[in-house]
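1. Quick check, what structure comes out for this input:
(one chain, ligands or ions: 1)
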Amino acid sequence: MKGLKNGMSSVSRRNITQRLVVFASHLPSSSSSSSDSTSMASEKQAALATAPSDADAPTIFDKIINKEIPSNVVYEDDKVFAFRDINPQAPTHILIIPKVKDGLTGLSKAEERHFEILGRLLYTAKLIAKQEGLDDGFRVVINDGPKGCQSVYHIHVHLLGGRQMNWPPG
Ligand code: AMP
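-> Below you'll find the predicted structure:
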């Protein structure tokens, strides 16, 4: 059969094609440097390869909260933890996360009980922006799901600043 000639079903082909289309749509324009391209491509690949975990599955962020692996902490209180991104996309790039995930693998899993923690994450972004001296502006981002380029399934707010942001985002 034509579609199975090389051992791949038409469904597998379609899945791969869909993933490549999503992947290609995230590639930077030709004006980007090759190191930017490499970094963005690997980030997108990681996002597309990461299957959403079940709500209780630990992620690398649990180890960071528990200080089992080191991070550059910029803020901590009883509910919220914030640290510098290991692969910064701006001079200031901080991740703000809840200490207790409570099912919030991503924003799409939010329920009414999460009102308070969601507000705290955003308010903390504002506090940290002030602490970091981002007085001329900053950006907050929450990636959700494979098409949103999420790679860690423990909700987090990206706080980016220290350079001019562009619109639309990639
Ligand atoms: P997202 O792609 O929105 O899920 O964001 C996950 C972020 O976590 C990425 O920007 C990564 O660079 C960042 N990240 C992954 N591991 C670490 C780590 N050990 N320390 C700091 N940031 C990390």
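2. What ranges does this structure have for its strands?
-> 73-76, 80-84, 92-98, 139-141, 157-161 (DSSP state E).
3. how about the helices in this structure?
-> For the chain, the helices defined by DSSP state H cover 10-25, 34-49, 60-65, 115-131.
4. need the least confident one among those helices, by mean pLDDT.
-> When those are compared by mean pLDDT, helix 10-25 comes last with a mean of 35.
5. number of nearby residues for residue 81?
-> Using other C-beta atoms under 10 Å, the number of residues around residue 81 comes to 23. Glycine gets a C-beta too; all of them are placed from N, C-alpha and C.
6. So residue 85 is in contact with residue 95, correct?
-> Yes - with contact defined as C-beta atoms under 8 Å, residue 85 reaches residue 95; the gap is 5.5 Å.
7. These two: who's more crowded?
-> When neighbours are counted by other C-beta under 10 Å, residue 85 and residue 95 differ, and residue 95 comes out ahead with 20 against 17.
8. ok, which residues in the chain are in contact with the ligand?
-> 47, 60, 71, 83, 85-87, 95, 143, 149-152 (C-beta under 6 Å from any ligand atom).
9. gap between residue 146 and residue 103?
-> Noted for residue 146: a distance of 19 Å to residue 103, by C-beta to C-beta, to the nearest Å.
10. neighbour count winner among these two?
-> Using other C-beta under 10 Å as the criterion, residue 146 and residue 103 rank with residue 146 on top: 17 against 14.
11. Quick check: the gap between that one and residue 108.
-> 11 Å.
12. Over to residue 157?
-> Distance of residue 157 to residue 108, given as C-beta to C-beta: 15 Å.
13. So for the two, which residue has more residues nearby?
-> Neighbour tally, residue 157 and residue 108, criterion other C-beta under 10 Å: the higher count belongs to residue 157, 22 against 13.
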